[in-house]
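K.L.:
kindly return the folded structure for what I paste below:
(one chain, ligands or ions: 1)
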Amino acid sequence: MKAVRLRDNIWWVGGIDWDLRNFHGYLTQRGSTYNAYLIIDKKITLIDNVKHYLYDEMIERISEIIDPTRIDYLIQNHVEMDHSGGMPKLMKLLPNARIFTNANGIKGLKLHYKEDWNFREIKTGDTINIGSRNLVFVTTPMVHWPDNMVTYCPEEKILFSNDAFGQHIASSERLASDYPLSIVMEEARKYYANIVLPYSPQVQKVLTIVADLEIGMICPSHGLIWTEHIPQIIQAYHTWAYNESEADRALIIYDTMWRSTEMIAHAIQNAFENLGIHTRMLNLQHNHISDIMTDVISARYICLGSPTLNSSILPNVAAFAYYLKGLAPKKRIGLAFGSYGWGGQSIPILHHLLGDPKECGFDMMEPVKVQYIPDADTLKGITKQIEQNINNKMEKP
Ligand code: FEO
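P.N.:
Next up is the predicted model:
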């Protein structure tokens, strides 16, 4: 595939990772891209880079446009190796190129590659002139690492947003407007839920900065480029960053040993259904934790169930609970449930993992526990109890 012209003298020259299926635990069923952007101006500038094994692909694309040794400036918006892995080879070609990044970027790149390249430290608001264009830098620490920043070109109204506004999609299309919008938005939601969510307070600050910019194009470092639907993706980020979940959505997430916990899960589902609340039943044996997170981002109610196994919870449930805690959704209502034989420890463990302020910190409903196998009356009683609990939560101001 060739370099893709985005504007006069501005090109996409990144790499496409068609086969990527796992991004440190996040299932990337559609692959991904690592986007790099070449600006031909008085100073030839490359913004961002690619994973190490796509370096040759990037160089091939750059070579269609110019001799890569003519690049003067590198803008490194992020240290993480999906966006910097090609640097050691590139710097052999360009030993004198200036690398513009912030103090955390310089520190991180030195710690990764043990090289003292020609770094130029920039701070928020700093601008460099590359000829007929200027590039303005805004540091965005923790969206997604301490070194993250975005680069804005006022003359082109382009925001090079790095990890923000990205999606893991490998495709021959480069623009979001050329791809089914519902899939791009769903992948952007999954990306936010699995990568960006814990840094929502920092995203809120970025959104304040973005609100003051005139933006005609958002060039993220993963997936498709936004030329249309820009207000839509910014509004979606606002919703996600402020943890605005939907009051009529509930997730019932569980694993089960002899189906007793599953029976409880269905009794809980009946309660939500009776109150007109949409539910998803998510058995952890059949649903990946990173796909479940995509639903967590919208759902107000998070119910988590496990039978007691060895005085604890089932391993699938533990994996999900710790993944959930790390991604730190806020302002949710939680419910712990499960069956047990004699000890019954799984239910207080889940109640603690969901409700303790040092864990997920959700507003908890009364937990549900059943010894061995629930009978029909017990299941009806659970439905009634949960309906009452939901009504109580709804009545709260
Ligand atoms: Fe796509 Fe934080 O790297």
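K.L.:
the ligand contacts on this protein?
P.N.:
Within the chain, the positions near the ligand by Cβ under 6 Å from any ligand atom are 78, 80, 82-83, 144-145, 163, 221-222. (C-beta placed from N, C-alpha, C; glycine too.)
K.L.:
how many neighbours does the residue in the stretch 151-300 of the chain that the ligand sits nearest to have?
P.N.:
Proximity of the stretch 151-300 of the chain to the ligand (Cβ to the nearest ligand atom) peaks at Asp163, 4.6 Å away. Here the number of neighbours of Asp163 (other Cβ atoms under 10 Å) works out to 23.
K.L.:
so it is in contact with Ile195, correct?
P.N.:
Yes - using Cβ atoms under 8 Å, Asp163 is in contact with Ile195, at 6.8 Å.
K.L.:
need the overlap of contacts for these two.
P.N.:
Common contact partners of Asp163 and Ile195 (Cβ atoms under 8 Å, 6 or more residues apart in numbering): His144.
K.L.:
which residue is the nearest non-sequential neighbour of the residue in the stretch 251-397 of the chain that the ligand sits nearest to?
P.N.:
Here the stretch 251-397 of the chain gets closest to the ligand at one residue, Leu327, 14.4 Å apart by Cβ to the nearest ligand atom. Spatial nearest neighbour of Leu327, chain neighbours left out: Leu197 (4.7 Å); criterion: Cβ to Cβ, 6 or more residues apart in numbering.
K.L.:
contact partners for that neighbour?
P.N.:
Listed by Cβ under 8 Å, 6+ apart, the contact set of Leu197 reads 240, 293, 297, 327-329.
K.L.:
other SSEs contacting the longest helix seen in the chain?
P.N.:
Criterion DSSP state H: the longest helix present in the chain is helix 376-395. Secondary-structure packing of helix 376-395 (3 or more Cβ pairs under 8 Å, 6 or more residues apart in numbering; DSSP states H and E): helix 260-274, strand 333-340, strand 368-371.
K.L.:
got the angle for it vs helix 260-274?
P.N.:
With axes from the mean of the first three to the mean of the last three Cα atoms, to 10 degrees applied, the angle from helix 376-395 to helix 260-274 works out at 50 degrees.
K.L.:
and stretch 157-170, how far apart are its ends?
P.N.:
25 Å (Cα to Cα, to the nearest Å).
K.L.:
count of neighbours near Arg70?
P.N.:
So Arg70, with other Cβ under 10 Å, has 12 neighbours.
K.L.:
that one and Ile62, how far apart?
P.N.:
Here Arg70 is placed at a distance of 9 Å from Ile62 (Cβ to Cβ, to the nearest Å).
K.L.:
give me the subset of the residues of the chain next to the ligand lying in strands.
P.N.:
Secondary structure from DSSP state E places none of the residues of the chain next to the ligand in strands.
K.L.:
now for these: which two are most distant?
P.N.:
Using Cβ to Cβ, these span at most 14.3 Å, a distance reached by Trp145 and His222.
K.L.:
the helices in the stretch 51-200 of the chain, which residues?
P.N.:
55-65, 81-84, 87-93, 103-113, 181-191, 200-211 (DSSP state H, counting those that start in this stretch).
K.L.:
how is this protein carved up into domains?
P.N.:
What automatic domain parsing lists as the domains of the chain is 4-241, 247-395.
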